[in-house]
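**Q** Have a look at this prediction, sequence included:
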Amino acid sequence: MTFPGFIRNGNYYFTELDVYADGVVECWGAVDLRFLSKKFAENWISPGVPNGATVSVHDVIQAKVVSGKWSQNPQLLHERLLDGVRNLNPSQENLIDFEGNDVEVRDGVRYAKIGLTEASPQQKALGDRSPAGKSRYALVRHEGQVFLTTIRIYADGKIDIHPRYGHERLVDLSTFGAMISSNDVCVTVPNGTSIELDTLGRFKVTDVWSYVEQPEDFFREVAEVVGKLNGRPDSLTYCREVYEQYLEHPTVKQRDILRQAYEAIPEHHRMYVGDMDTKDIAVRMIIYGDEEIEGWSHRAVARAQGDDVLPSINVPKPIDEDEE
């Protein structure tokens, strides 16, 4: 079972708290019930966002919360999660027990006992026969109100866009695209918008910053998830392969292929082509020129600090095979 909530890690990050029959709860890391109590005591898990604080919703928006009205406190949310375990496991048998320590040492290295978990949603009518699914946060207009919710994307091309927990509304990709065009499903809202979060409360947002600038990128992303659930590589995976091919054979032709592959990626996911440090800067330097390095955060920080030597990224120049 899954429940909405927030992780307080500087900002307040919207998330889903996944509850399993064995008593494990996913809250940016899997914990047992004893550690779950500690997470609440440390205010790591929150049922709402204070006025003036920043809320972050992955691949949707970041904004300041104002006029928040929340229906639960930490104790009530904690009890909700425990009720979820009881519903899944009425006898409370075979519950996971970390025995007071959430890490273990293997070959001299400390590891989380479970680490992150990933749950796959299921269509209600199909249960265990449901096609594979993946979840993604979005904003859905329902009964005159904007809801922050999680849409469920399935391998059969169906998307659940119902914003209320425990309910389901499955639409196909064509209908989903039309709902994006009509702004009934979206990934941004104007300042001053009131957003409802089913079972938790309602809040207004200001200083909104959006992760996705173009609605068509949102649709392309979801369509690619359907393909990936069916075993097809997405544009990001393909671009990484083309990038490696360019590094092995840096030709003008291969650079042009890399450009096409890179620009086919939904814009908000292009940063993931490279590693955590360089992101997509190396690819952009190959495609658009060396000056792209000035957009690299490491270089900007070094320049602001007055460093004599700025960090650099070396990429091979393309060879024109016709001139060889």
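**A** In hand now; what should we look at?

**Q** how does this structure divide up, domain by domain?
**A** The chain breaks down by automatic domain parsing into domains covering 2-216, 235-323.

**Q** Nearest to residue 229, out of the ones you listed?
**A** domain 2-216 (3.8 Å; Cβ to Cβ). For every residue, glycine as well, the C-beta is placed using N, CA and C.

**Q** quick revisit: so for residue 225, which of the domains of the chain sits nearest?
**A** Of all the domains of the chain, domain 2-216 sits nearest to residue 225, with 4.7 Å by Cβ to Cβ.

**Q** Mind putting the domains of the chain into CSV with mean pLDDT, mean neighbour count and distance to residue 223?
**A** As requested, the domains of the chain are exported to CSV (pLDDT from 0 to 100; neighbours: other Cβ atoms under 10 Å; distance: least, Cβ to Cβ, whole Å):
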stretch, mean pLDDT, mean neighbour count, distance to residue 223
domain 2-216, 95, 16, 6
domain 235-323, 94, 15, 10
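
**Q** Any chance of these in TSV with distance to residue 224 as columns?
**A** Output for these, formatted as TSV (distance: least, Cβ to Cβ, whole Å):
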stretch	distance to residue 224
domain 2-216	10
domain 235-323	6
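
**Q** which one of these lies closest to residue 226?
**A** domain 2-216 (5.4 Å).

**Q** Distance across the closest one, terminal residue to terminal residue?
**A** From its first residue to its last, domain 2-216 covers 29 Å (Cα to Cα, to the nearest Å).

**Q** And stretch 241-255, by the same measure?
**A** Terminal-residue distance, stretch 241-255 (Cα to Cα): 13 Å.

**Q** Look up how far residue 14 lies from the residue sitting nearest the centre point of the chain.
**A** The residue lying closest to the centre of the chain (Cα atoms, centre = their mean) is residue 58, at 4.5 Å. Separation of residue 58 from residue 14 (Cβ to Cβ, to the nearest Å) stands at 8 Å.

**Q** Common neighbours of those two, please.
**A** Counting by Cβ atoms under 8 Å, 6 or more residues apart in numbering, the contacts common to residue 58 and residue 14 are residue 137.

**Q** can you give me the strands in the stretch 201-324 of the chain?
**A** Along the stretch 201-324 of the chain, the stretches classed as strands by DSSP state E, counting those that start in this stretch are 201-210.

**Q** what about the helices in it?
**A** 215-229, 235-248, 252-263, 281-288, 297-304 (DSSP state H, counting those that start in this stretch).

**Q** Arrange those helices in a markdown table, one row each, with distance to residue 110 as further columns.
**A** Converted to a markdown table, the helices of the stretch 201-324 of the chain look like this (distance: least, Cβ to Cβ, whole Å):
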| stretch | distance to residue 110 |
| --- | --- |
| helix 215-229 | 33 |
| helix 235-248 | 30 |
| helix 252-263 | 38 |
| helix 281-288 | 33 |
| helix 297-304 | 28 |
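
**Q** what's the spacing between stretch 30-44 and its chain's center?
**A** 22 Å (Cα atoms, centre = their mean, to the nearest Å).

**Q** for stretch 16-29, same thing?
**A** 17 Å.

**Q** ok, now stretch 123-130?
**A** Distance, stretch centre to chain centre, for stretch 123-130: 24 Å (Cα atoms, centre = their mean).

**Q** pretty sure residue 205 is touching residue 196, no?
**A** No: applying Cβ atoms under 8 Å as the test, residue 205 and residue 196 come out as separate, 11.7 Å apart.

**Q** Enumerate every residue touching residue 97.
**A** Residue 97 is in contact with 23, 32, 34, counting by Cβ under 8 Å, 6+ apart.

**Q** So residue 45 sits against residue 75, correct?
**A** No: Residue 45 is beyond contact range of residue 75, at 11.4 Å (criterion: Cβ under 8 Å).

**Q** host element of residue 66?
**A** Per DSSP states H and E, residue 66 falls inside strand 61-70.

**Q** Partner strands of that strand and their direction?
**A** strand 54-57 (antiparallel), strand 201-210 (antiparallel) (DSSP bridges).

**Q** Tell me the helix or strand right after that strand.
**A** Following strand 61-70 in sequence order, the next helix or strand is helix 74-88 (DSSP H and E).

**Q** distance of the residue lying closest to residue 184 once chain neighbours are set aside from residue 201?
**A** Using Cβ to Cβ, 6 or more residues apart in numbering and skipping the chain neighbours, the partner closest in space to residue 184 is residue 141 (4.8 Å). Computed as Cβ to Cβ, the residue 141 to residue 201 distance reads 18 Å.
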